[in-house]
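Undergrad: Mind folding the following:
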Amino acid sequence: MSTTPPLIALLPTGTWQQDAACRDTDPDLFFSPDEADRRAAMELCAACPVRLDCLEHALETREAYGIWGGTDEQDRKRLLRRRRRAA
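TA: Alright, predicted model coming up:
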């Protein structure tokens, strides 16, 4: 078991993260190399009411690692390339 605090404990109050489905989840789940963990993280994201806010945050801050807004590293790279082409 990880000693890393839940994601919500690391964030300022009053942000969109307060409504995240992962707010009480061990953040290690979202950064695990294990494929089963990555699928579990994405399933949690799929039902999250702030999934798009999370994804936008990850794109804006160029999050290079982990599952964010139901996307992995490769998904976000593709989305950023599409945005650049469309601009």
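Undergrad: Apart from its chain neighbours, what residue comes closest to Ala21?
TA: Nearest non-adjacent residue to Ala21, counting by CB to CB, 6 or more residues apart in numbering: Cys48, 3.8 Å away. In this view, the C-beta of every residue, glycine as well, is placed from N, C-alpha and C.
Undergrad: which SS class is the one you found?
TA: Going by DSSP: H, G, I helix; E, B strand; the rest coil, the secondary structure assigned to Cys48 is coil.
Undergrad: what's the burial count for it?
TA: For Cys48, the count of nearby residues is 19 (other CB atoms under 10 Å).
Undergrad: In contact with it, which residues?
TA: Neighbouring residues of Cys48 by CB atoms under 8 Å, 6 or more residues apart in numbering: Ala20, Ala21, Cys22, Cys54, Gly70.
Undergrad: Would you format those residues as a markdown table with secondary structure and pLDDT included?
TA: A markdown table is the format used below for the contacts of Cys48 (DSSP: H, G, I helix; E, B strand; the rest coil; pLDDT from 0 to 100):
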| residue | secondary structure | pLDDT |
| --- | --- | --- |
| Ala20 | coil | 96 |
| Ala21 | coil | 96 |
| Cys22 | coil | 95 |
| Cys54 | helix | 96 |
| Gly70 | coil | 98 |
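Undergrad: helix/strand/coil for the nearest residue to Trp16 once chain neighbours are set aside?
TA: Using CB to CB, 6+ apart and skipping the chain neighbours, the partner closest in space to Trp16 is Asp53 (4.3 Å). Put simply, Asp53 is helix when judged by three-state DSSP.
Undergrad: Using CSV, write out the CA atom coordinates for the helix or strand where Glu56 lies.
TA: Assigned by DSSP states H and E, Glu56 falls within helix 51-60. Below are the C-alpha coordinates for helix 51-60, written out as CSV (Å, rounded to 0.1, in the frame of the first residue of the first chain):
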residue,chain,number,x,y,z
ARG,A,51,-13.1,14.3,-16.7
LEU,A,52,-12.9,17.0,-19.4
ASP,A,53,-11.6,19.6,-16.9
CYS,A,54,-8.9,17.1,-15.9
LEU,A,55,-8.0,16.4,-19.5
GLU,A,56,-7.8,20.1,-20.3
HIS,A,57,-5.5,20.6,-17.3
ALA,A,58,-3.2,17.8,-18.5
LEU,A,59,-3.1,19.3,-22.0
GLU,A,60,-2.4,22.8,-20.7
